[in-house]
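> How does the following fold in three dimensions:
(2 chains)
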Amino acid sequence: MSDLTAASFAPLSDQQPSQVIARPSLSYWQDAWNRLRANRRALMSLYIVIGLLLFTVFGPVVWPVDPAMQDIDQISQPPGTDRTAVLVAEYEPWFGTSGLPGTGLRLAEKATSQAVRLQWDALDGASGHRVYRNLFPVGPELSYGIPMAEFLNNDTLYFEDRLDLQPGRFYYVVVALDERGLITDRYQSISVDVERVTTRAEALERGLITESDAVQIGDKITLTWHPLGTDYLGRDLLARLMAGARVSLFIGIGAPFLFVLFGVVYGSAAGFMGGRVDQLMMRFADFVVALPFLLFMILFKIAFGIGPGESGVFPMLVALVVLLWPATARLVRGQILQIREQGYISASQLLGASTPYLIMRHMIPNTLGVVLVTVTFAIPSAIFTEAFLSFIGMGVAPPTPSWGSMSNEGIKTMLTTPHELIFPALFISFTVLAFNLLGDGLRDALDARMRNVE
Amino acid sequence: MSESSFNSVPGDDQFVHSAGGQLAKLAVYAMAGLALVIYLLSVLAGEAGSTTSGNAIDFENNAITIALREEPPQLDANRATDASSNVVLAHVMEGLLGYDIDAQLVPGVAERYEIREDGATFWLREDALWSDGVPVTARDFVFSWKRVLDPETASQYAFILYPIKNAEAINRGEMPVATLGVRAASDRILEVDFERPTPYFDKLVAYLTYFPVREDFYNSTNGRYGADADMLLYNGAYVLTDWVHGSTMRWVKNDKYWNRENKGFLDEIRTAYITQDINAKLNLFKDGQIVDTHLLSPMLPTAMEQRWQIDRSMDGSVFYLEFNHRDDRITRNKNFRRALQLAQDPNELVYKVLKEPSYLPGVSLFPAWLSGVSESFQKEYPPVQHQMNVEKAREHLELARQELGIEEFPPLMMLAGDTPIGLLSAEYYQQLFRKHLGLEFRIDVQIFKQRLEKMRQGEFDVVLSGWGPDYNDVLTYGDLFSSWNLQNRGRYSSQDMDALIRIAQSELDPQKRMDAFGEIQHLLYEDVVILPMYERGFSFVVDPRLKDFRRRSVGPEVDYNYAYIEQSSE
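Residues are numbered from 1 along each chain as shown, chains lettered A, B, ... in the order given. Here you go, the predicted structure:
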């Protein structure tokens, strides 16, 4: 105490504090974002969702292919098929070649995907022939394959096959018919390798070559590229997935967003006001729950003047929003009722907090967990609802695709061309999974009660 | 700010990790187990299919099991319209004439007959009996036919009896039923007067609307005739003994049937399944539960892999795009229709899009199986060779635009059925006309009944439609586009066409009659009344132990009347 000088009372210059027991002050959203970032699954999901949005919005710019364009030459092609084709002359009708060398069942010309031309000599004792095509050689079971044509006399000893010829190996069989036109066990068979071809006119039409190109018959050209293959009408699957994403995500995100928003406002209003108003509002919500969804969907469609053959995406959105909000409203109201009675609310009120402050600062953040769970479940269910409605013809109309209608079409040929089902199904699965995981992460991150768990 | 502040306690982390690891392990085991079970089941299922342990063929009882497409609404032949009723009735009833195994017209209840310009006489056989043992008489036919035409019966197929004198007037309620030109000269002799010469009347009487009904039995059913197995009298190769609605039927051999030597070899036919689902039918066949099923093109690789004997048949019907010719429609314009005609090619539709090996690309309203004077009709009267020409199509479209005096074509309505093939064709045409002609079509998909209703109302511009034969004569198609035919849904009306159809209906000289059909075929192309799409056929499989099963183009789609089980050689 003795050596106090005047200097001791001079203010200190600015200097670093030696030790501060504090952490950076974080706003609610910064904190939530930090915790979301720490959750790797949620982060991945977020990237996937962003990727999907980019795919939907910018995909068509990068891959500007008309999703309704039909490439009849490449129907139901899986991705990665060889696309080279040889240029040949225009198709000319053919009625057999007289004096064709050779005997037995033989090819009149090189087999191409344009036509396979077969010619044969009448089989012993045959009063007619039937031509079969097979993917396998005729075995001891005498399973000849698919009957392609039948000739009930021996006047016609040639056959031209133009049906769905794909590059690869086919076995053709000619079977003798008896006098009654029934098949016998006398047959001849031949294996044929089919080569993919196209004509100049077709190539020009599809934009593979231009008028000025000096391509000759016999030249090899490459057919249009379809990265994910084509569907049952030769339409580009990637372009259809992009176009379908627009419908599916519009419904899948738009509808839940709108009806959850409405549900939150409605539910918190009811819960906050309580009493008679609450009773009245919740009875109205009960009334809406009782409305049959499908019936209203049809009513909306008519009310909006959507005729047959037009896409009813907008009425679908309206029907979803109008009919599905009560679930969220009920949940939020329950939460608000609970929170309203909590001590910190009373404390806050005593300290002079206004109603908007109470709602924004305490009520909404505390209900966010519940709300996000609802959204999480609502998005996939909305995507599925869209798929279902498109399936029964209440949703999109052809040629507009949606993931649901694409899956529905793909399932018909699931065994022969699985890619038509797998791609849209994968997109639906990934979207639904991503939204689920993201919702999970968001719930953890936004839940005010979990803020202090460190 | 450091990342570490958000990490959990290390011990806690470890616990979470090990729990997660255990869970993951469990999940892997569960998945592996599930995969194993599925694999084992599929192996077992595969074996079950190949050992044909099913009930499709019952050697002991000489019985087979089949699937019906749908439940017949009722089995009153006078009022039946659908394919399933046709199948059942063709096995339990018989008309004056019938079809043999090779689809040739042969005597049925009538022993012999005579067709004159003004009428016909049928002499009935003595041994034709009803299933209660009473002989089938000419009066049963008179009663049945009068009943069909009675406006109160409201039979949809009444028009098929119109060749009989006064039939049309009676059906419209303009004349009393008693004035119908048919009478029983005796129990055995049936006399028919014609409204106009009808040389093909023998083919008509094989159709089910002409089947007999016995008056006293009909009255005893109190208006429930044909509603149940015991509410029907039978005179065919089989009788219906059980009919559990919505589920099963049993057809048992009719031991009173006069021709049991040549028809009805099986003791029992069970219709144990009613399904339209073609995949379900394929699985039933694979498992040996039913004796036959037809196949769609995506199933053919499976069928080839199973090494089945695949057969084919034409079902007789022709499918086409039909235009709406009503005055308020754009499609009334001929140049517009011509443009659509030139912009399409049925070959591409059948060979590349539908890919059905049993379909024939459509060339005409008259299918390939119809016979002309002495040879096939298409051979005697070759249809116009159609050439696709987009350039010309666009010219015609421009002409149509000027004639109609419009700036741009509004979106048009394309009505289609809800079958896979119907949808596929509609989507193909929608894009085809958009690409080549810039026309916008909206596809209106409707179930069968609703589609017919909309066609009747004229609520379409273009409809994907088809027509199946009722009897084995070109006229079954030929009178479709007469101005008075109610099945002419597009209301096409032309005096030339009507005149030609009048000739085709009543001309007795076969050559002149066929010439008229030839001209009808030409006119249909020139006036672009329809655009033929395809002639339908079926690829089908049948149990190799069942012989002489037939699929028909005229009459029932499946015919087991001549089928028998081949006894194994050992």
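
> Need the nearest residue in space to the closest residue to chain A within the stretch 51-200 of chain B, chain neighbours excluded.
Nearest residue of the stretch 51-200 of chain B to chain A: residue B:102, at 6.8 Å (CB to the nearest CB). C-beta here means a position set from N, CA and C on the backbone, and glycine is covered the same way. Nearest residue to residue B:102, sequence neighbours excluded (CB to CB, 6 or more residues apart in numbering or on different chains): residue A:180, at 6.8 Å.

> That neighbour touches residue B:103, doesn't it?
No: using CB atoms under 8 Å, residue A:180 is not in contact with residue B:103, being 11.6 Å away.

> These two: who's more crowded?
residue B:103 (15 against 10; other CB atoms under 10 Å in any protein chain shown).

> State the helix or strand in which that one lies.
Assessed by DSSP states H and E, residue B:103 sits outside every helix and strand.

> so what's the residue nearest to residue B:102 scoring on pLDDT?
With respect to pLDDT, residue A:180 scores 81.

> ok, now residue A:283?
On the pLDDT scale, residue A:283 gets 93.

> now residue A:275
If you check residue A:275, the pLDDT there is 86.

> So it versus residue A:342, what's the distance?
To residue A:342, residue A:275 is 19 Å away according to CB to CB, to the nearest Å.

> more crowded one of those two?
The residue with more neighbours, out of residue A:275 and residue A:342, is residue A:342; 13 against 8, by other CB under 10 Å.

> Low-confidence stretches in the chain?
Since you didn't name a chain, this refers to chain A. Residue ranges of chain A with pLDDT under 70: A:1-2, A:16-18, A:20-22, A:307, A:309, A:391-393, A:447-454.

> nope, chain B
B:1-13, B:15-16, B:45-54, B:568-570.

> give me the residue from it nearest chain A.
For chain B, CB to the nearest CB, closest residue to chain A: residue B:442, 2.8 Å.

> which SS state does that residue fall under?
Under DSSP: H, G, I helix; E, B strand; the rest coil, the three-state class of residue B:442 is strand.

> ok, now residue B:314?
strand.

> if I look at the residue of the stretch 51-200 of chain B closest to chain A, how far off is residue B:562?
Taking CB to CB, one finds residue B:102 at 10 Å from residue B:562.

> Give the full set of residues in contact with the closest residue to residue B:557 other than its chain neighbours.
Nearest residue to residue B:557 in three dimensions, chain neighbours excluded: residue B:83, at 5.6 Å (CB to CB, 6+ apart). Contact partners of residue B:83, counting by CB atoms under 8 Å, 6 or more residues apart in numbering or on different chains, are B:69, B:556, B:557.

> so what's the last one up against?
If I follow you right, that is residue B:557. Residue B:557 neighbours (CB under 8 Å, 6+ apart): B:83, B:86, B:87, B:315, B:551.

> element containing residue A:282?
Going by DSSP H and E, residue A:282 is in helix A:275-289.

> Mind checking what helix or strand follows that helix in sequence?
helix A:293-303.

> quick one: is that following helix near chain B?
No: on the criterion CB under 8 Å from any CB of the partner chain, helix A:293-303 is out of touch with chain B, staying 13.5 Å away.

> helices or strands next to the helix or strand that comes right after that helix in the packing?
Counting by DSSP H and E, the element after helix A:293-303 in chain order, helix or strand, is helix A:313-340. In this structure, helix A:313-340 packs against helix A:255-273, helix A:275-289, helix A:293-303, helix A:364-391, with contacts taken as 3 or more CB pairs under 8 Å, 6 or more residues apart in numbering or on different chains; DSSP states H and E.
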